[in-house]
Every structure is written in structure tokens, then in C-alpha cells.
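1. this one's structure only:
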């Protein structure tokens, strides 16, 4: 392990990028061959395989973009990273408790107390 983690990140990125490019190029060659075979045979299975090969090759290019994004995220300064944000909050309590909590922050005293009517009334 080297003393320079940035160099390791760059080396790993370049290695992964080269592998993805190599896979994409070989995938293009295989697609060309499979396209010829599908045309000649006109067999539905050949076209299905060709379709899957095209999809997999498209996924490789998508992974290249993900690789770029991951590299940028890794290289971001820890101080510049966005804080963890809470998207969903759940409040467990009564509406009266919630009103008290909200009004206490505003230093207001107007709270609507609601007591459910019993079935006997």
C-alpha cells in the first residue's frame, strides 16, 4: 500500500476505466458478429441473444459514467460533502402534544385541547 491514497484512487480508476473500455470494444465486436449470425439464420433466439448483448453493452457505458461519479465523490474534500439530510420525519403523539410542542417554540399558550366524546354522552 502506498503512502499516497490519491494516487491509488487514480490508478484504480484508470484500471477500471480501461477494463470497461476493453469490455465495450469486445462487446461491439461480438454484437457485429451476432448481428450477422442473426441475419443469416433469421432464428428468433439469435435475435434475442443479440438484444441481450446490446443491453449489456449499454450497461457497460452506464457503468463508465457511474465510475466517473464515484471518483468525484471519493475525491471530494470531507468538509465539502453534503450533510446527511433527513427526508422523512415521523411524529408519534397526539395532536394536542404536537400543538404544545409547536407553540412552546413560538412561546404562545393557545393550545386546543380535544377530548374525544365517550359513547355514553
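-> Done, it's in. Owing to the predicted nature of the structure, the values given are computational and were not obtained by experimental measurement. Numbering: from 1, shown residues only.
2. buried set for the longest helix along the chain?
-> As assigned by DSSP state H, the longest helix anywhere in the chain is helix 5-41. Within helix 5-41, the residues that qualify as buried are 13, 20, 23, 24, 27, 34, 38, counting by 16 or more other C-beta atoms under 10 Å. C-betas here are computed from N, CA, C, even on glycine.
3. Can you tell me which of those residues comes closest to residue 92?
-> Using C-beta to C-beta, residue 13 is the member of the buried residues of helix 5-41 that lies nearest residue 92, at 45.5 Å.
4. Quick check: that closest one touching residue 71?
-> Yes: counting by C-beta atoms under 8 Å, residue 13 sits close enough to residue 71 to count as a contact (4.9 Å).
5. And the residue nearest the centre of the chain?
-> Nearest residue to the geometric centre of the chain (C-alpha atoms, centre = their mean): residue 66, 9.3 Å.
6. any idea how far the helix or strand that contains residue 68 is from the chain center?
-> Following DSSP states H and E, one finds residue 68 within helix 44-75. Distance of helix 44-75 from its chain centroid, counting by C-alpha atoms, centre = their mean, to the nearest Å, is 15 Å.
7. Quick check: buried residues in it?
-> Applying 16+ other C-beta under 10 Å to helix 44-75 flags 46, 47, 50, 53, 57, 60, 63, 67, 71 as buried.
8. Return the residues in contact with the second one.
-> Residues in contact with residue 47 (C-beta atoms under 8 Å, 6 or more residues apart in numbering) are residue 38.
9. let's go with 10 Å and repeat that
-> Counting by C-beta atoms under 10 Å, 6 or more residues apart in numbering, residue 47 touches 34, 35, 37, 38, 39, 41.
10. Now do the longest helix of the chain: which elements does it pack against?
-> helix 44-75 (3 or more C-beta pairs under 10 Å, 6 or more residues apart in numbering; DSSP states H and E).
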